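Asker: Structure, please.
(2 chains)
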Amino acid sequence: MTAVMRAPDATLSRRLIQPRPVLLGVAGFAVFFLAIELLSRFSGLSEEILPRASTMILRTLELPAQESYVIAMGETLWASLVGLMIATLLAVPIGVILGTSGAAYRAMSALIEFMRPVPPVALIPPVLLIMGAGAEMKIFLVAYSTFWIILFNAIYGIRGVEPGLKDMARVFGTGRTKSLVVVSLPSAAPFIFTGVQIAATAAFIVTIGTEVLAGGSGGIGQWLMVNLNAVTRREWVFAGAFGAGLVGVAITGLLVIIGRIAFPWSVSNRERAE
Amino acid sequence: MIVRQPAEDSRRRGWRQLGDLALRLAVLIGAGLVWELYARAFPSLFIPPISAILANAWDQWVTGDWRALFIAPVFLEMLAASFRRLVPGLIYGAVSGIILGVALARVRFLGEMFSPLIQFFRAIPSSAKIPMFMVLLGIGDTMKIWVIGISVALPLLMNVMDGVRNVDPTLLAVAKVYRVGPWTRLWGVILPAAAPQTFAGLRIATMIALIVLVLSELTGAADGVGYYVLYAQRMFYVLDMWAGVLVLGFIGYLLNAVVSLAEVRILRWHRQSTSTAR
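Answerer: Numbers count the residues shown, from 1 in each chain, chains lettered A, B, ... in the order given. Have a look, this model is predicted:
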């Protein structure tokens, strides 16, 4: 629809880089940080409470040169990644099996309904007692909390496969197992991947949350708390959080690109191609 | 197909719902049994049997006083402290998220201007926002309410924006032709059309709110359920600690149920209109 209305000479490069939204977006950031700068200068708040926006931005740019921050980021990303991998490897097969069986699905959805509302961070104190502060504890908590998200999406992805597709496979004499591999899995894969994308964000939140609470477990969370308690380094708390946000944006972007390359047949990718 | 559903159908649905309920209860009891058997088979100081946890919770939190509905005051105080942070945070976050979402979707220039900024702040993990707001607002309830509010508003706002942008243009055109005023257009056309996505956002937002509440109570508080869990852990009151975790799960379940109930009530027209359209 929109493609028809677009001017015929709109080339791909022009469609990808549109100057207007970029400029407006930059203006949005400028307005926000200018407001912070003015508030910091003229509201009478001390710089230990609300640092100058210019200082925050400067410190954020200096983060890559802060060895402690880079190491901490590495620790956080490592724990998130390993936890996420474990959860994916467990949840996807289990979800696919549960999704194909009606009875198992009904029993499991009741269990999921009870387990999902338990906030994963509530388990930090017990897991700390059992496993002690360290990388294993973080990885366990990440794996546990993301397992449910991925499982949920895997089950619903398999169940959401268009019945017509499965019927057609049956008409052509395709067996159950082959139909699962050839029809259901490719059809559900983009949806399952969406679950992994959501889980990646959750993994980052849980890892940093654990680090904030459990001193001695390293990572960004602990780095932020150390800087919070060092009164002269308060502006680094903002910079560190902004840095985590930028890394978060990068992770999200990376996963979107992976999704586009790995699942070109997904609905959203087909729409983009039209 | 518009076929009025006969009474038998609704009766059958009633039985199905009852069966669902029975299944859920069975699964819950089954999960409890697995825990119990595991804890008895592999005795550990930190994973006590669930029966011991529940018995301990009963001793602490249930009294013989019928006037207080058999609930001990300590339990109510603990819940009240948490809800004093959770409820205002949720309400401020939801209201500002919906208002800003509608505004940013309707005024295109504002939407384009602030979307990247909002995306950036949304990408900062809420657990990293807590130290940031501790610098700004200290460790009191104000900080907790703000972090909850912002963690709720940002994802909700994006969903509301999406919903409002995807309102059927024909509906808006019709409203314009009939000279429907802007206020009626908002309440009668735009908000109902964006309601399904708003509720989807609200579901995610309430879960995030609970996570942020617990995190903030674990980092700096002197009361509330999160603090109770942390205190019990530090004192090695393992039974208390697990009881607190169960209470947090229960709050999560309750919140989810409230949102679902509101969704079913408010979106009833939506389900009807989409099912008759088929």
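
Asker: contacts, neighbours, all on C-alpha from now
Answerer: Noted.

Asker: Quick one: the helices in the chain, in order.
Answerer: Since no chain was named, I'll use chain A. Applying DSSP state H to chain A gives helices spanning A:2-5, A:12-16, A:19-42, A:53-62, A:67-100, A:102-115, A:124-131, A:135-159, A:163-171, A:176-179, A:185-213, A:219-229, A:234-262, A:267-273.

Asker: Chain B, not that one
Answerer: With DSSP H, the ranges of helices along chain B come out as B:7-41, B:50-61, B:73-106, B:108-123, B:126-137, B:141-165, B:169-177, B:182-184, B:191-219, B:225-234, B:238-266, B:268-277.

Asker: Can you check which of these gets nearest to residue A:166?
Answerer: Comparing these by their distance to residue A:166 (CA to CA), the top pick is helix B:268-277, with 23.7 Å.

Asker: So for the closest one, mean pLDDT?
Answerer: Predicted confidence along helix B:268-277 averages 62 (mean pLDDT).

Asker: Same question for stretch A:166-176.
Answerer: 79.

Asker: Count residues in the vicinity of residue B:101, would you?
Answerer: Using other CA atoms under 10 Å in any protein chain shown, residue B:101 has 26 other residues around it.

Asker: I meant residue B:260, not that one.
Answerer: 16.

Asker: ok, now residue B:71?
Answerer: Around residue B:71 there are 17 residues (other CA under 10 Å).

Asker: Residue B:57 too?
Answerer: Residue B:57: 19 neighbours (other CA under 10 Å).

Asker: tell me the pLDDT at it?
Answerer: 83.

Asker: Identify the residue spatially nearest to it, adjacent ones excluded.
Answerer: Leaving aside its sequence neighbours, residue B:57 sits nearest to residue B:243 (CA to CA, 6 or more residues apart in numbering or on different chains; 6.1 Å).

Asker: thinking again about what came up before, mind telling me which of the helices of chain A the model trusts least?
Answerer: Across the helices of chain A, helix A:2-5 gives the lowest mean pLDDT, at a mean of 42.

Asker: residue contacts, the residue nearest the centre of chain A?
Answerer: Geometric centre of chain A, nearest residue: residue A:201, 2.1 Å, by CA atoms, centre = their mean. Listed by CA atoms under 8 Å, 6 or more residues apart in numbering or on different chains, the contact partners of residue A:201 are A:248, A:252, B:125.

Asker: Give me the spatial nearest neighbour of the second one, chain neighbours excluded.
Answerer: Distances taken as CA to CA, 6+ apart put residue A:197 closest to residue A:252, at 7.3 Å, once the chain neighbours are dropped.

Asker: cool, and residue A:239?
Answerer: What sits nearest to residue A:239 in space, not counting adjacent residues and going by CA to CA, 6+ apart, is residue A:60, at 4.5 Å.

Asker: Distance-wise, check that neighbour relative to residue A:220.
Answerer: 14 Å (CA to CA, to the nearest Å).

Asker: between the two, who's got more neighbours?
Answerer: Shown here are residue A:60 and residue A:220; by other CA under 10 Å, residue A:220 has more neighbours (29 against 22).

Asker: my guess is residue B:134 meets residue B:145, correct?
Answerer: No. Under the criterion of CA atoms under 8 Å, residue B:134 makes no contact with residue B:145, lying 11.6 Å away.

Asker: The two: who's more crowded?
Answerer: residue B:145 (25 against 22).

Asker: okay but the more buried one is in contact with residue B:85, surely?
Answerer: Yes. Look at residue B:145 against residue B:85 with CA under 8 Å: they come within range, at 5.4 Å.

Asker: which residues do those two both contact?
Answerer: Joint contacts of residue B:145 and residue B:85 (CA under 8 Å, 6+ apart) do not exist.
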